[in-house]
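Visitor: Quick one, what's the 3D model for this:
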Amino acid sequence: MLVAAAVCPCPPLLVPEVAAGAAPELDAARAACTDAIGVLAAARPDRLVVVGPAEQSGRGWHPQGARGSFRGFGVDLGVRLGASADEAADGAAERALPPSLAVAGWLLGRTEWSAAPLDGLGVGEPLGAERCIQVGGDIATRADRVALLVMGDASACRTLKAPGYLDERAAGFDAEVARALGAADVEALKGLDEQLAYELKAAGRAPWQVLAGAAEGAGLSGELLYEDAPYGVGYMVAAWS
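Guide: Numbering: from 1, shown residues only. Got it, this is the predicted structure:
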């Protein structure tokens, strides 16, 4: 059963070494992520599942201790998805983490996560809402007390300089997502428009709908801890418990 969830954005810029001189611009987002992960630890889960968007090569399950890096973003910095449990985990971790789970690994590392064993799941943008919800429901049965760390950005079309340029629909889409995350509104997340999310380059759509499936019937309440679009991309942090 799902007992807690944290929702965080996943830009590599969250990692100060990647952001370099621009790092202070996301200090508030980093602090909010730390607070949200603290809510997960306080829930004393039996297992943590980290879910984030992934391209084809990064989709599927990644074991505890799997390795990722930010070399593709110009920084020779490696991370793990939690501390490696044993040598067997090292051997199972040959497939590199997708960037979203690498960011999650960095966030968990800075909070020194030790509350529960964990694994990661990379989900692709094409994964439909119905399948996302089903996957979430399956995740909620993986242990008596499951926590989720859900990585994903909102629209990338909030300003003229945004990666997806300006789309007038982006602000409204992001506002509804922020409201749903802050209210732990499972039905609203289930009903997100897949095509609109795709057009707005909202990479968090599938992970959020996995969360909705996992939270079905859990009766969790939510709190929105951060919402902004400093680079024309919607970043949101929320905690459910």
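
Visitor: Endpoints of stretch 42-60, how far apart?
Guide: The first residue of stretch 42-60 is 28 Å away from its last residue (Cα to Cα, to the nearest Å).

Visitor: Would you mark the buried spots in that stretch?
Guide: By neighbour count on 16 or more other Cβ atoms under 10 Å, the buried set for stretch 42-60 is 43, 45, 47, 48, 49, 50, 51, 52, 53, 54, 58, 59. Just so you know, the C-beta spots here come from the backbone N, C-alpha and C atoms, and that holds for glycine as well.

Visitor: next one: stretch 136-143
Guide: Judged by neighbour count using 16+ other Cβ under 10 Å, the buried positions of stretch 136-143 are 136, 137, 139, 140, 143.

Visitor: got the contact list for residue 231?
Guide: Going by Cβ atoms under 8 Å, 6 or more residues apart in numbering, residue 231 touches 11, 13, 161, 162, 163.

Visitor: still on that earlier bit, closest to residue 194 among the buried residues of stretch 136-143?
Guide: Of all these, residue 136 has the smallest distance to residue 194: 15.3 Å, by Cβ to Cβ.

Visitor: Give the closest residue to the closest one in space, chain neighbours not counted.
Guide: Excluding the flanking residues, the one nearest residue 136 by Cβ to Cβ, 6 or more residues apart in numbering is residue 213, at 2.5 Å.

Visitor: Give me the pLDDT value at the residue most central in space within the chain.
Guide: By Cα atoms, centre = their mean, the chain has its centre lying nearest to residue 151, at 0.7 Å. As predicted, residue 151 sits at a pLDDT of 98.

Visitor: Which secondary structure element is home to the spatially closest residue to it that is not a sequence neighbour?
Guide: Nearest residue to residue 151, sequence neighbours excluded (Cβ to Cβ, 6+ apart): residue 52, at 3.5 Å. Assessed by DSSP states H and E, residue 52 sits inside strand 47-53.

Visitor: And the contacts of that strand?
Guide: Applying Cβ under 8 Å, 6+ apart, the contact partners of strand 47-53 are 10, 40, 81-82, 98, 100-101, 103-104, 108, 113, 115-125, 139, 142-143, 145-152, 203-204, 206-207, 210-211.

Visitor: and the residues you listed, which are buried?
Guide: 10, 40, 81-82, 98, 100-101, 103-104, 108, 113, 115-116, 118-123, 139, 143, 146-152, 203-204, 206-207, 210-211.
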